[in-house]
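*Asks:* I would like the atomic coordinates for the input below:
(one chain, ligands or ions: 2)
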Amino acid sequence: MTDDLFADEPPQPREEVLCRGAVVLRHFALEQEAELLEAIAEVTASAPFRQMQTPGGYIMSVAMSCCGQWGWVTDRSGYRYQSTDPETGQPWPTMPDIFRKLARDAAETAGFRGFEPDACLINRYEPGAKMGLHQDKDEDDFTRPIVSVSLGVPATFQFGGSRRSDRPLNVMLASGDVVVWGAEARRFYHGVLRLKQARHGLTGELRYNLTFRRAR
Ligand code: SIN
Ligand code: FE2
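*Replies:* Ligands and ions are numbered 1, 2, ... in the order given. Sure, this is the predicted structure:
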C-alpha cells in the first residue's frame, strides 16, 4: 500500500496507552479544530483569559478561563472551584455543546462511559509558558476521568505517577490530540514543558488546552 493512495485523507485517530488508565487519542479532535477555536473565542469574549496567582504568590505563566457550571480558580487564599468568574462576578459561560460532546466521546473511546463534565478549564500558552508537575485533585469524585484537548502549537506533556518523584514520560501533543486519564491514573502527576516558539496556521504562536472535569 502506498502513502499516495490516502494522500488526501486526514490522519486517522490512533490510540497510545501511556499506562493503565491513561491514553493519548491522536488526532481525535483534529477535524473540529477550527470550530473548537471559534468556541474558545466566544467563551473568552465574556470570560477573558487571565493569569492567576498561586497561593504562594506566583503569577502563572499560563492564562486561563473557564466555562460550564464550575470554574477552577486560584488566588492567595487557595485553589478551588466556584460557580462565578471572580473577574466579572458573573456565572461562567455555558459549556458549548461541541465541547461537551467531544469530552463525552473521548472519555467513552478511552473506556469511561457516561462522562458528563461540569467544568472546562481553558488554558492559553504563549511561547515560554509552562505548567509544573501537579495533580488534578480539587474535584469531588475521582471515579470520573480528566479529558484534555490540545490545540495549536505542539507541546511536550509530562505524565508521571502517583508520587511527584516518579519520573514522567515526555509526550509530544499536537493540535487535535486528546489525552484521557482516570481510574488508577486519575491522580497522577502531570505538567507541560515550556512552550517552544513555533507557528500554527490557526493559532499563530499560541497553544490552547481544554481540560474537562466533573468537579461536583
Ligand atoms: C493541565 O494539566 O491542566 C494542562 C495540561 C495541558 O495543558 O496539556
Ligand atoms: Fe492538570
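*Asks:* Need the residues that contact stretch 38-54.
*Replies:* Residues from elsewhere that reach stretch 38-54 (CB atoms under 8 Å, 6 or more residues apart in numbering): 59-67, 71, 73-76, 85, 87-88, 90, 92-93, 96, 98-99, 122, 124, 151, 208, 210. Using the backbone N, CA and C atoms, a C-beta is placed for each residue, glycine as well.
*Asks:* What residues of it count as buried?
*Replies:* Across stretch 38-54, burial judged by 16 or more other CB atoms under 10 Å covers A39, I40, V43, T44, A47, F49, R50, M52.
*Asks:* State the mean pLDDT of it.
*Replies:* Taken as a whole, stretch 38-54 carries a mean pLDDT of 98.
*Asks:* Check whether that stretch comes near ligand 1.
*Replies:* No - contact between stretch 38-54 and ligand 1 is absent, the nearest approach being 12.4 Å (criterion: CB under 6 Å from any ligand atom).
*Asks:* how far is that stretch from where the chain is centred?
*Replies:* In this view, stretch 38-54 has its centroid 14 Å away from the chain centroid, taken as CA atoms, centre = their mean, to the nearest Å.
*Asks:* which one is N170 nearest to, not counting chain neighbours?
*Replies:* Nearest in space to N170, with sequence neighbours left out and distances taken as CB to CB, 6 or more residues apart in numbering, is T156 at 5.3 Å.
*Asks:* In three-state terms, label A39 for me.
*Replies:* Here A39 is recorded as helix under DSSP: H, G, I helix; E, B strand; the rest coil.
*Asks:* again, but for V179
*Replies:* Assigned with three-state DSSP, V179 falls in the strand class.
*Asks:* Count the residues that sit near it.
*Replies:* Close neighbours of V179, defined as other CB atoms under 10 Å, add up to 26.
*Asks:* list the contacts for the residue nearest to N170?
*Replies:* Counting by CB under 8 Å, 6+ apart, T156 makes contact with N170, V171, M172, L173, V192, L193.
*Asks:* out of everything not next to it in sequence, what's closest to the fifth one?
*Replies:* When you say that, I think you mean V192. Sequence neighbours aside, M131 is the residue nearest to V192 in space, at 4.4 Å (criterion: CB to CB, 6+ apart).
*Asks:* tell me the pLDDT at the closest residue to P11 other than its chain neighbours?
*Replies:* Spatial nearest neighbour of P11, excluding adjacent residues (CB to CB, 6+ apart): H27 at 4.6 Å. Each residue has a pLDDT score; the one for H27 is 97.
*Asks:* Repeat that for D4.
*Replies:* For D4, pLDDT reads 62.
*Asks:* Return the residues in contact with whatever residue of the chain ends up closest to ligand 1.
*Replies:* Nearest residue of the chain to ligand 1 (CB to the nearest ligand atom) works out as N209 at 3.3 Å. Counting by CB under 8 Å, 6+ apart, N209 touches L121, I122, N123, Y125, S148, V149, S150, L151, V192.
*Asks:* Tell me if I'm right that the residue nearest to P11 and E9 touch.
*Replies:* No - using CB atoms under 8 Å, H27 makes no contact with E9, being 11.2 Å away.
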